[in-house]
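Visitor: Need a 3D model of the sequence below.
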Amino acid sequence: MDGADPAAALTALLALMTRLRDPQSGCPWDRVQDFASIAPYTIEEAYEVRDAIERSDPGKLCEELGDLLFQVVFHARLAEERDWFDFAAVAMGIHAKLVRRHPHVFAGAAAPAAAADQSRQWEEHKARERAQTLGDAAALADVPLSLPALMRAAKLGRRAARVGFDWERADQVRDKVGEELAELDAALAATGGKAHPEVIEELGDLLFTLANWSIHLAIDPEEALRMANAKFERRFECMERLAAERGMVLATLTSAQWDGLWREAKQQV
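Guide: Numbering: from 1, shown residues only. Predicted coordinates:
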C-alpha cells in the first residue's frame with residue numbers, strides 16, 4: 001500500500017466523474033449515459049468483484065473494487081445533476097444506517113453471542129425499517145427484481161418465513177420437491193411440448209421449491225449452483241483434454257463415448 005490519503009483519492013475520483021460528464025468538454029459516451037444504461041454495468045462489476053475474491057487475486061480484487069466504486073460515483077453524479085442527492089448524501093446515509101444497525105457497538109446494547117445472532121439482529125433491524133417505510137404488510141415489497149432468479153427465490157422464501165409462511169421441517173420441503181417434480185412430469189405428458197407454458201410454469205415451481213429446500217438445509221442455493229458450475233467446467237475441460245490426447249473430435253463422439261469420457265473425468269477431478 002502506498003499510504004495515499006483516502007479522502008484526497010475520493011475527491012479526485014469525484015472530480016474526474018464531474019469532468020467526464022461535462023456537457024461541453026466531457027466524454028461523449030459518459031455524457032449520454034443514464035441510470036438505466038449504467039445499471040447493467042453496476043451489476044456486472046459486482047459479479048467481477050465476487051470472481052476476484054473466488055480466485056484469491058488481491059490485485060484483481062483491488063481493480064474490481066475500483067470499478068465498482070466508480071459505478072457508485074457515476075450513479076451519484078447522475079442524481080446530483082437532477083438535484084436528487086449527491087455522493088456525500090450516499091456516504092452519510094450508509095454511515096447513519098450502519099450506526100443504527102449496530103447498537104451493540106454505538107449505543108451500549110449487549111453484543112450478540114455469535115455471528116448467527118448478529119445476522120438475526122441485522123435482519124430484525126431491516127424488517128423494522130421496512131415496516132416504518134412501507135408498512136407491516138410489505139414483507140416482500142423491496143426484494144430487488146434485478147437479483148438473479150435463484151438468489152431472489154431464496155430471498156423471497158426467507159422473507160415469507162419471517163412472517164410465518166414456511167414449512168416447519170426440511171423433510172416437508174423435500175416432499176414438496178417430489179410433488180412439484182410429479183406435476184412437471186404430468187405437464188410434460190399432457191402437453192408434449194418442451195417449451196409449453198404449463199411446462200415452464202411447473203419447472204419454475206420446482207426450481208423455487210428447490211431454493212426453499214436449500215434454505216431449510218442451511219445452504220445458499222446460489223453458492224451451491226456456483227460450485228456445481230465450477231465442477232462441471234473442470235470435468236468438461238478434463239474431457240476435452242482426454243479427447244485431444246486420443247485424437248477424438250468432440251462433435252463426432254457418440255453418446256457412449258461421451259459417457260465414458262465423463263466417467264473418467266469424474267475420477268480425475
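Visitor: where's Gly26 relative to Arg19, distance?
Guide: Per CB to CB, to the nearest Å, Gly26 is found 6 Å from Arg19. In short, each C-beta sits where N, CA and C put it, glycine included.
Visitor: and what of Phe165?
Guide: As judged by CB to CB, Phe165 and Arg19 stand 51 Å apart.
Visitor: same check, this time on Ala244
Guide: Distance from Ala244 to Arg19, by CB to CB: 51 Å.
Visitor: ok, now Val249?
Guide: Going from Val249 to Arg19 by CB to CB gives 54 Å.
Visitor: Would you mind telling me which of those two has the busier surroundings?
Guide: Between Val249 and Arg19, Arg19 has the larger neighbour count (other CB atoms under 10 Å), namely 12 against 8.
Visitor: quick one: contacts for that one?
Guide: 25-26 (CB atoms under 8 Å, 6 or more residues apart in numbering).
Visitor: what's the helix or strand for the closest residue to Leu13 other than its chain neighbours?
Guide: The shortest distance from Leu13 to any non-neighbouring residue, by CB to CB, 6 or more residues apart in numbering, is to Val73 (5.8 Å). Taking DSSP states H and E as the definition, Val73 sits inside helix 58-81.
Visitor: Just the buried positions in the next helix or strand after that helix, please.
Guide: Using DSSP H and E, the next helix or strand after helix 58-81 towards the C-terminus is helix 87-100. Of the residues in helix 87-100, 87, 90 count as buried by neighbour count, 16 or more other CB atoms under 10 Å.
Visitor: Now helix 87-100: average pLDDT?
Guide: In this model, helix 87-100 has a mean pLDDT of 94.
Visitor: Report the angle between that helix and helix 58-81.
Guide: Inter-element angle recorded for helix 87-100 and helix 58-81: 110 degrees (by axes from the mean of the first three to the mean of the last three CA atoms, to 10 degrees).
Visitor: I'd like to check what contacts helix 87-100. Which residues are they?
Guide: Under CB under 8 Å, 6+ apart, the answer for helix 87-100 is 14, 72-73, 76-77, 80, 106, 125.
Visitor: And the protein, what are its domain boundaries?
Guide: With domains defined by automatic domain parsing, the chain comprises 6-100, 139-219, 223-268.
Visitor: C-terminal to the worst-scoring helix or strand of the chain on mean pLDDT, what's the next element?
Guide: Ranked by mean pLDDT, DSSP states H and E, the weakest helix or strand in the chain is helix 115-134, scoring a mean of 64. Note on helix 115-134: by DSSP H and E, the next helix or strand toward the C-terminus is helix 149-162.
Visitor: Surely the residue nearest to Leu13 is in contact with Leu14?
Guide: Yes - at 6.2 Å, Val73 counts as touching Leu14 under the criterion of CB atoms under 8 Å.
Visitor: what stretches of the stretch 1-150 of the chain score poorly on pLDDT?
Guide: 1-2, 111, 113-137 (pLDDT under 70).
Visitor: shouldn't Pro23 be in contact with Asp30?
Guide: No - using CB under 8 Å, Pro23 makes no contact with Asp30, being 11.0 Å away.
Visitor: And the two? Which one has more around it.
Guide: For Pro23 and Asp30, the more surrounded residue by other CB under 10 Å is Asp30, and the numbers stand at 15 against 7.
Visitor: Contact partners for the more buried one?
Guide: Shown in contact with Asp30 (CB under 8 Å, 6+ apart): 20-21, 74.
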